[in-house]
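Q: For reference, the sequence and a predicted model appear below.
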Amino acid sequence: MTAASDPYQPLNLLKISGNLPVIPQILVQLIDLCNQKDIDLQAVARLVKKDAALAAKVLQLCNSAFIGARSAFADVPQAVIYLGADTVRNLAISVSVQQIFRRIESNGLLNLDRFWYHSYENAILAQRIAETTGYANPSEAYLAGLVHDLGKLLMWMAFPGKYAPLLLKGIRCQGGRLAFLEQEKLGINHCDAGAWLLEQWGLPSLLADAVRYHHHPVDEVIEAFALTRIVYLADLLSHSDNPEQECNEVAAKLFRLVPDTVNELLDGVDDQIHEVAHRLGIRIPKPTTSGLEPEEPESRKVHKQTTRELINRVRDISQLCGYLQSLLQAESRDQILATLEESLLILFNLEPSLVLLLNEDGTRMKAHVSAKNNLASQVASLNFSLAHHEHSLPVQCLQLGHPLHSFMARPDLDPTMLDSQLINLLGREGMILLPLLAGPEQVGVLVLAVNKGEHLNILSQNDPLQLLATQAGMALHLHKIREVEQQRRTADHLKGAATLARRIAHEINNPVAILQNYLKVLEGKLKNDEQFQDELRIMAEECARIGAITEQLQDITANRQISTDKEINLNDFLDKTIRLYRAGQDNEKKVHFHFRPAREKIMLRTDENALRQILTNLLNNALDAVAGEGNITIETHLEKQENQHRVRIQIFDDGSGLDPVIKEKLFQAGTTTKGGGHSGLGLAIVSNLTQHLGGAVEVFEEDNNTIFSITLPLSTH
């Protein structure tokens, strides 16, 4: 983004340089008079008479068929009294605003005739909506509709050269899309710029708000004051090619208007616009023409169309190059995915998307998206074997090395269930798949959501799409290489710590032996108290586990021996562990542990000590996150994946959340944000032990919770 830290700085520079559009002093005085509680119409008339052009417009409007007065007016005070303060104010602002912006150079991208046509269309629709819904001041709604897009003219002045490509792209999009592009590239959008200008002019704040929020999501606008909702609906009606389908639902949400009423709002709007334009001496084109008269020669039209396509092409290539560079500069996988998703949205209007990445031995693929992607929580467990899904589109795309899509005819093959589930996950009618490659290395597959009919247009842009996919594949491949190098450095670090670890193990064993002896003494003294006996047994088991861990410290670089001979009841095992944590909580701390076991009895054949160490590290991590006050929830689930039963253990905490900077390196030794002597080994141990148990560990955030998810194979249940 090229914007300064203060988004209004370019607008303030216009103000400082004297180039900010300024309303005439007489209009400032007129607005002040009209905003008073008790309006003095004689004072308004005296002020209008001081401006000959405005006085002529007032008489012209008052005597027009549009107003429909029974007798002619030649006296300005009488005309002002007949029209009313609001109408005179709106007329004065209409004339002044057009004069103020007259010096802006009009061209094929910013045609002032078309701009004013849309502005007056909005004004008339806003006034009609106000009258229909019983809004107290329809004239105010008219004015708000008239000035709702002034921010575009201001942006054109404040960002010479930069605004044209955005405006051109916005021609092909809805107005809300243009506001998004403006905010993304310039740090401010035309809605905020227009509201800022009205505030500089001293117009009421509710009027500025109606301009500021006219492209906000409808679910937010529904809670706004009536004027904002009126301008929002007016703008939607004026932009819509098919108002019956697009606007009826919004009109019902905002004002409970029925479809017939919406149709009545649109009847005769064009005639009314041209009547107003004629009486005010304003040149406004027909909506079906370009606004240029006489009609352009066909050759010139073709030339302009070719020029516009060239501008589009240059702009898209420029943006694509920027994103390609950003991909290689990204420092984490999440940054790579976020940049890829943003580029697909901005350049090709494609969302949602996901990538399927190969594992280390190239036998499985796993889904990945950025943390901001709406699919983040749904794809956490999405992984599959290539051998079991060899006919699926992702596997075929990877093996063939060229794009595929779900709409293509496959006479010999029916759509696989995996393909259908991916399409359902993406929420569209189909998908396009592109291979992610790094030279000869296969990295994975990029999956894009599309509807039927759209895919042909997307595939026609195969070259830039494939270039983007190749660059993303290279970036992800380089990230993987960096991860391997980090793991090598971690191994070297562990070797260096081995001597110290053996010394620590010796020191730990002595007090642990004393504790075990003391527990036996307590067990004898409290043998009649069954509650204490249970807790003492748990403590004895923990001491035994500490002894086993210290034994491993004798050589921390060696792979530990995993034993899966023992079968445990997982839910009982977790219940005992959680009880120990509950009992160890200080009275001052307000940490609440919640256990939600699966309804099924889960018998898991695994290494009990390794599993306990995994859970202890994760629970300690959750306690650190909630910092003495919060909720920690443990859940178990029984799942079936590819004819294999697996168990999922999830630990939720509503603590401070994950630092995005270290999220990608969370399971690497030495990664920590705790300080105070923490080594950052806990989660690295969790990852290592989980892999030895044949499982996987993942972390993600959802509904203000950080969730660590452990998946383990289940031999019997």
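A: That came in fine, so what should we check first? Note that the coordinates shown come from a computational prediction; the quantities given were computed from them, not determined experimentally.
Q: Give me the residues contacting whichever strand or helix holds Arg612.
A: In this assignment (DSSP states H and E), Arg612 forms part of helix 608-626. Residues outside helix 608-626 that contact it (CB atoms under 8 Å, 6 or more residues apart in numbering): 545, 548-549, 560, 562, 566, 568, 573-574, 577, 581, 591, 604, 632, 649, 651-657, 674, 682-683, 685-686, 689-690, 692-693, 706, 708, 710, 712. For every residue, glycine as well, the C-beta is placed using N, CA and C.
Q: mind listing what's buried in that helix?
A: 608-619, 621-626 (16 or more other CB atoms under 10 Å).
Q: next helix or strand past it?
A: In N-to-C order, the element after helix 608-626 by DSSP H and E is strand 629-641.
Q: which helices and strands sit right next to that following strand?
A: helix 570-583, strand 590-596, helix 608-626, strand 644-653 (3 or more CB pairs under 8 Å, 6 or more residues apart in numbering; DSSP states H and E).
Q: sorry, back to before: of the contacts of helix 608-626, select the buried ones using a ChimeraX command.
A: To isolate the buried members of those in ChimeraX, using 16+ other CB under 10 Å:
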select :545,549,560,568,573,574,577,581,591,604,632,649,651,652,653,654,655,682,683,685,686,689,690,693,706,708,710,712
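Q: residue boundaries of the helices in the stretch 101-250 of the chain?
A: For the stretch 101-250 of the chain, applying DSSP state H, counting those that start in this stretch gives helices covering 112-133, 138-147, 150-158, 163-171, 175-186, 190-200, 205-212, 218-221, 226-239, 243-246, 248-255.
Q: The second one versus helix 112-133: what angle between them?
A: Following axes from the mean of the first three to the mean of the last three CA atoms, to 10 degrees, one obtains 150 degrees for the angle between helix 138-147 and helix 112-133.
Q: weakest of the helices of the stretch 101-250 of the chain in terms of mean pLDDT?
A: When the helices of the stretch 101-250 of the chain are ranked by mean pLDDT, helix 243-246 comes last with a mean of 63.
Q: Can you report how many residues neighbour Gln351?
A: For residue 351 the amino acid is Glu, not Gln. Glu351 is flanked by 17 other residues according to other CB atoms under 10 Å.
Q: what about it, helix or strand, and which?
A: For Glu351, there is no host helix or strand (DSSP H and E).
Q: Next: the one 3 residues further on.
A: With elements taken from DSSP H and E, the one containing Leu354 is strand 353-358.
Q: Pull up the pairing partners for that strand, direction included.
A: strand 364-368 (antiparallel), strand 441-450 (antiparallel) (DSSP bridges).
Q: Figure out how far that strand is from the centre of its chain.
A: For strand 353-358, the separation from the chain centroid amounts to 19 Å (computed by CA atoms, centre = their mean, to the nearest Å).
Q: can you offset everything so residue one is 29?
A: All set: I'll call the first residue 29, so the last point we hit is now strand 381-386.
Q: contact partners of stretch 479-490?
A: Contacts for stretch 479-490 (CB under 8 Å, 6+ apart): Phe376, Leu378, Pro431, His433, Phe435, Arg456, Glu457, Gly458, Ile460, Leu476, Val478, Leu493.
Q: Mind doing that once more with 7 Å?
A: Phe376, Leu378, Pro431, His433, Phe435, Arg456, Glu457, Gly458, Ile460, Val478 (CB atoms under 7 Å, 6 or more residues apart in numbering).
Q: quick one: the first one and Gly685, what's the gap?
A: Distance from Phe376 to Gly685, counting by CB to CB, to the nearest Å: 32 Å.
Q: Same question for the last one.
A: Note on Val478: its distance to Gly685, by CB to CB, is 34 Å.
Q: For the residue nearest to Leu182 when sequence neighbours are not counted, give me its contacts.
A: Counting by CB to CB, 6 or more residues apart in numbering, the nearest residue to Leu182 once its immediate chain neighbours are dropped is Ala221, at 4.8 Å. When contacts are counted by CB under 7 Å, 6+ apart, Ala221 is found next to Leu39, Gly179, Leu182, Met183.
Q: wait, doesn't Pro422 sit right on Ile460?
A: No: between Pro422 and Ile460 there is no contact under CB atoms under 7 Å: 11.6 Å.
Q: Scan the contacts of Ala221 and report the most crowded one.
A: Gly179 (27 neighbours).
Q: what's near enough to touch that one?
A: Contacts of Gly179 (CB under 7 Å, 6+ apart): His218, Cys219, Ala221, Gly222, Leu225.
Q: And this protein, split by domain according to the record?
A: Domain assignment for the chain by automatic domain parsing gives 37-308, 339-505, 591-745.
Q: possible to save the ones you listed as a markdown table with distance to Leu547?
A: Formatted as a markdown table, the domains of the chain follow (distance: least, CB to CB, whole Å):
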| stretch | distance to Leu547 |
| --- | --- |
| domain 37-308 | 59 |
| domain 339-505 | 41 |
| domain 591-745 | 14 |
